[in-house]
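>>> Fold the following, please.
(one chain, ligands or ions: 1)
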Amino acid sequence: MSLLPMVATGASVRRQGKVLIGPVDLRLDGQGVTIVIGPNGAGKTSLLKMLHGIVRLRTGSVSWNCPVEEARERQAFVFQQPVMMRRSVVDNVAYPLRLIGVPRRAARAEALEWVKRIGLEAAADRSANVLSGGERQKLALARALIRKPEVLFLDEPCASLDGRATREIEALLQDAVAAGTRLVMSTHNLGQALRLANEIILVARGQIQEHRSAGDFFAGPETPEGRAFLRGDIVE
Ligand SMILES: Nc1ncnc2c1ncn2[C@@H]1O[C@H](COP(=O)(O)OP(=O)(O)OP(=O)(O)O)[C@@H](O)[C@H]1O
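Got it, this is the predicted structure:
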């Protein structure tokens with residue numbers, strides 16, 4: 001049974017008396033890439049974490065087409081600043097498989113395939129802590145994809161990466177989409193949104209302001225924030 005649709009109903013997250021995001025009513029279905037845009041502090045990260053189920057809801061619900069514990073197993077999250085474990089590159093990538101009981105040798109063999117795919121073969125047995133920012137992001141992505149998640153959340157995976165690293169990450173993401181993974185990803189990068197998005201969610205002031213197909217959004221955003229983003233202006 002498919003993990004989707006995901007339905008959020010009146011879902012909100014609050015911290016220290018402040019609503020970080022919500023109330024959100026949102027349905028996520030189908031295939032492809034949902035890009036979440038919006039200014040700093042708008043609530044993009046909070047939205048992704050809320051949908052993934054790693055922050056406590058103040059109100060409402062987020063439900064999947066299966067029990068919530070199972071839903072958690074079938075999705076993954078790549079953080080803006082991924083944490084590297086004090087292990088080798090290949091062991092970092094193998095870790096999610098070890099967690100579900102895949103024997104060491106088999107997990108390592110599969111992880112090595114991913115390490116090759118992300119171009120880190122020469123660094124496979126080096127400590128993951130010495131990797132560059134772009135290499136860390138690729139490792140984090142491989143570590144998320146190795147269990148073939150049906151839905152993958154990514155929080156600005158290309159922030160502060162150069163063009164080449166961004167292109168490599170986007171190629172991995174496009175392969176994942178072709179293999180059937182549904183992506184929900186935040187970005188500040190207009191070009192990236194144009195290249196990847198099937199639909200756009202615009203967040204501002206802790207609320208979803210627009211949720212439309214990429215075609216409709218890029219043809220004419222309905223909000224001042226959407227228009228500013230499209231002009232390449234600074235959005236506040
Ligand atoms: N644990 C917390 N306690 C209190 N406030 C928080 C907490 N986490 C986030 N916030 C605040 O909630 C707001 C939304 O934060 P969030 O990280 O979701 O925004 P964002 O759109 O992802 O921003 P950015 O583009 O800068 O990453 C911000 O004002 C942030 O300071």
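>>> element containing the residue nearest in space to the middle of the chain, please.
The residue lying closest to the centre of the chain (CA atoms, centre = their mean) is L154, at 1.5 Å. Using DSSP states H and E, L154 falls within strand 151-155.
>>> Could I get the buried residue list for the helix or strand following that strand?
Next helix or strand after strand 151-155 toward the C-terminus (DSSP H and E): helix 163-178. For helix 163-178, the neighbour count (16 or more other CB atoms under 10 Å) marks A165, T166, E168, I169, L172, L173, A176, V177 as buried. To be clear about C-beta, it is placed using only N, CA and C from the backbone, and glycine gets the same treatment.
>>> likewise stretch 216-230?
Neighbour-count burial for stretch 216-230, counted by 16+ other CB under 10 Å, picks out F217, F218, P221, E225, G226, F229, L230.
>>> is it true that the third one touches L230?
Yes - using CB atoms under 8 Å, P221 makes contact with L230 at a distance of 5.8 Å.
>>> Roughly how far does A123 sit from A140?
According to CB to CB, to the nearest Å, A123 stands 14 Å off from A140.
>>> if you count what's nearby, which of those two comes out ahead?
Higher neighbour count among A123 and A140: A140, with 27 against 19, using other CB atoms under 10 Å.
>>> Please report phi then psi for that one.
Backbone torsions for A140, taken as degrees, to the nearest 10, come to phi -60, psi -40.
>>> swap in M50?
Torsion angles, degrees, to the nearest 10, at M50: phi -70, psi -50.
>>> contact partners of the helix or strand bottoming out on mean pLDDT in the chain?
Ranked by mean pLDDT, DSSP states H and E, the weakest helix or strand in the chain is helix 224-231, scoring a mean of 88. Helix 224-231 has contacts (CB atoms under 8 Å, 6 or more residues apart in numbering) with 37-39, 190, 202, 204, 209-210, 217-218, 221, 234-235.
>>> same thing with stretch 95-110?
In contact with stretch 95-110 (CB under 8 Å, 6+ apart) are residues M85, R87, V90, D91, A94, A111, R143, A144, I146, R147.
>>> can we see that at 6 Å?
A94, I146, R147 (CB atoms under 6 Å, 6 or more residues apart in numbering).
>>> my read is the last one is in a helix, agree?
Read that as R147. No - assessed with DSSP: H, G, I helix; E, B strand; the rest coil, R147 is coil; it does not lie in a helix.
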